[in-house]
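S.K.: take a look and give me a structure for this.
(chains A, B, C and D)
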2 protein chains.
Amino acid sequence: MAGQRTAPPTVYDVASAAGVSIATVSRVLRTPDAVREGTRDRVQAAIRTLGYVPSGNARALAGKRTGVVGLLLPGFDVVPDERPDLVTDGGVRVVDDRRHVTQPFSSNLYFDEVLRGAELEAWQRGLALMVAAGRGPSRDVIVNDVAGRVDGLAVLAQTVPDELLEHVARRIPVVVLADDRRSHGFDSVSVDNAAGMRTVVSHVVGRLGIRSIAYVAGPIDSPDDMERAAGFRDALVEHGVDPADVSVVHGDFGRARARELATALFAGEVPRAVVCSNDQSALGVLDAAAATGIRVPEDVVVTGFDGIDAGRFSSPRLTTVHQPMGELGRAAVRAIVERLAHPDGPPRAVRLPVEVLLRESCPPTLDA
Amino acid sequence: MAGQRTAPPTVYDVASAAGVSIATVSRVLRTPDAVREGTRDRVQAAIRTLGYVPSGNARALAGKRTGVVGLLLPGFDVVPDERPDLVTDGGVRVVDDRRHVTQPFSSNLYFDEVLRGAELEAWQRGLALMVAAGRGPSRDVIVNDVAGRVDGLAVLAQTVPDELLEHVARRIPVVVLADDRRSHGFDSVSVDNAAGMRTVVSHVVGRLGIRSIAYVAGPIDSPDDMERAAGFRDALVEHGVDPADVSVVHGDFGRARARELATALFAGEVPRAVVCSNDQSALGVLDAAAATGIRVPEDVVVTGFDGIDAGRFSSPRLTTVHQPMGELGRAAVRAIVERLAHPDGPPRAVRLPVEVLLRESCPPTLDA
DNA sequence: GTGAAAGCGCTAACAG
DNA sequence: CTGTTAGCGCTTTCAC
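M.R.: Below is the predicted model of the structure:
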């Protein structure tokens, strides 16, 4: 049933088996109605018995379009998880997995969702999806490779250097995700970081009336962080808080670092709110609070940004600004399709709305 | 920078720009060392200035191999999540996301991991990955489409009907995942369900000395469930428990249904252990226990199977048999590559080891 | 309705 | 080392 595969049958094989020309075989596949029923049936029968599957490559070559869109993700590198304390029983490892610190974060990388969204949208439009990670030194090869096989390419921010992107953009449309690069001339789909941050902070300051605030920022070169920081400042100003009054610390978007920073912070005068530039940092702050005996939200409220899964499972559960990752993927595919339909015209930047999720770490109100 | 794309440059363009033949351009790309340095430089310069990206399709057609492997996932259908209680502030939705029942499961679908594993292995071997979901009535089209563009195809169990699979298997190697279909003549990569279940149950019966057991099974037609049930029975027999003494209830692998079943079960004589055929069911059992005031693990121990994320966050945390999903994906790509190298030879079935993770719902020992 | 023929852009002998 | 020349398998006019 498997083995012994010979050269796959081609249109020619089907054609002669059905006693027609290859053009007719092609028609049966692409425009069945343009072929007389009897002929069509014979061809289809031949296809079945020969086990014919048309070559997508030949098709793409002749048809000048591939029907495939590419998605370039940041390289997810393997994080070998080491676990202690194992016994082996009948060939099956048995591990004591209690009492370990619950792993820092869910293994659900955010781009899984982007990927699912992209796949869904591609499928709905009859397109196939090719994924690759732009990791390692072989990145150039990969990118060119993928670019050569697809009709359009979606690239997650910072996955590929601009120069490379510009190179492939001369062949196919490229849309950049989660990074508003309109200025660079690419189409882009991104999330409204500033508005999201402005909104949570408005809640903290405006609705909850908190004025003693600390801000845990991300790496200084992060475009996301810059937008969020701007939203943060806007909200402060809007509510009459002097930005100079809030203490800003720069983390690395990581949980561990945030925990250190927060521990130091809590050693001094504890602010009434800690606003974080992303969820991982916020979780680190929660860690620090728990370790220090500071209560959340009673003593300090904490907010994050991203909407990662782990924030739904933390205690207290994390108030955050949720980014619609699935939508990002879908919008990316849509953008490619549109650009394919309208090759000319100025670059477009799509902004996706975010959503503030108020959970226990910073609830709707402070009473109760 | 974007717009105004004209027909992409081809080898011919590069060749004439560099004053060489197309063969030389091809050589610069494939076997750079076979070209004199001066020539090579001129060609590379032409490539840069023209923005040349070789057509993967033409390449695949001429070279008789695509360098792409396909991965067919079960259709992840959109689960539109509806949330109540929203306010809108400055264009950003603000949602009260407290007090909701924590969503039934992590959105981390298990095949995300399979996908990541496959991508990683493909990348390491210089292959690209094409993904598609075999959903809906257009499945045949999708499958043929993908099959026509790749060198080999990995298919997640039950995603594609056998007949279709057999059809495409005549063109390219197919490997079935998570379902030992050796009997059908396909290569397969699967997980050792029976051994895993046998091992947890040995722990429950052998080490913990529990003899009053209930088993929450999955759908009767699930091959996974059958293997696990067999492992369950083996362990019982091995430890001298009469399988006829355990009450077996059939669920649907879903959390809600399991909760119902467990609630009914707990209304009668509460068993000392509930072994479940998958994690979702086990979580449902935990739900029922919590609602009924039955303590886990003091009154009843509960075990699951799969190792999904949600089991790490439940309370108590779930003892389970963890399946190496990432490895599944990697092994799938490996299997394809091997089959490509050895087209003939009998179908091979790869079995991946599982791991028992003892967590609080069924700890290593019952004292303390 | 159906067939003949010209490519699509590239690789891979085969000559020089 | 480099150029010539066949195709790879399919789509697509253009005739019939």
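S.K.: surely A:Pro364 touches A:Thr319?
M.R.: No: contact criterion C-beta atoms under 8 Å: A:Pro364 and A:Thr319 do not qualify, at 9.4 Å. All C-beta spots, glycine's among them, are computed from the backbone N, C-alpha and C.
S.K.: which one of the two has more residues nearby?
M.R.: A:Thr319 (29 against 19; other C-beta atoms under 10 Å in any protein chain shown).
S.K.: who does that one form a beta bridge with?
M.R.: A:Thr303 (DSSP bridges).
S.K.: circling back to that earlier point, any shared contact partners between A:Pro364 and A:Thr319?
M.R.: Common neighbours of A:Pro364 and A:Thr319, using C-beta atoms under 8 Å, 6 or more residues apart in numbering or on different chains, are A:Leu358.
S.K.: what does chain A put close to DNA strand D?
M.R.: Listed as neighbours of DNA strand D in chain A under the rule C-beta under 7 Å from any atom of the strand: A:7-8, A:10-12, A:22-23, A:25-27, A:29-30, A:52, A:54-55, A:58-59, A:61-63.
S.K.: which residue is it, in the stretch 251-368 of chain A, that comes closest to DNA strand D?
M.R.: A:Leu340 (14.9 Å; C-beta to the nearest atom of the strand).
S.K.: thinking again about what came up before, filter the residues of chain A next to DNA strand D down to the buried ones.
M.R.: A:Pro8, A:Val11, A:Val25, A:Ser26, A:Arg27, A:Leu29, A:Tyr52, A:Pro54, A:Ser55, A:Ala58, A:Arg59, A:Leu61 (16 or more other C-beta atoms under 10 Å in any protein chain shown).
S.K.: run the contact check for the strand or helix carrying the fifth one versus DNA strand C.
M.R.: The reference is to A:Arg27. Per DSSP states H and E, A:Arg27 falls inside helix A:22-30. Yes: with C-beta under 7 Å from any atom of the strand as the criterion, DNA strand C is reached by helix A:22-30 at A:Ile22, A:Ala23, A:Thr24, A:Arg27.
S.K.: residue contacts, A:Ser316?
M.R.: To be clear, residue A:316 is Pro; Ser isn't right here. A:Leu286, A:Val296, A:Pro297, A:Arg359, A:Glu360, A:Ser361.
S.K.: distance of it from B:Val11?
M.R.: 61 Å (C-beta to C-beta, to the nearest Å).
S.K.: same check, this time on A:Arg272
M.R.: 66 Å.
S.K.: that older thread, what is the nearest of the residues of helix A:22-30 next to DNA strand C to B:Pro324?
M.R.: A:Ile22 (46.5 Å; C-beta to C-beta).
S.K.: list the contacts for the closest one?
M.R.: A:Val11, A:Tyr12, A:Val14, A:Ala15.
S.K.: and the pLDDT at the closest residue in space to the second one that isn't next to it in sequence?
M.R.: In this case it means A:Tyr12. The shortest distance from A:Tyr12 to any non-neighbouring residue, by C-beta to C-beta, 6 or more residues apart in numbering or on different chains, is to A:Ile22 (5.9 Å). What the model reports as pLDDT for A:Ile22 is 97.
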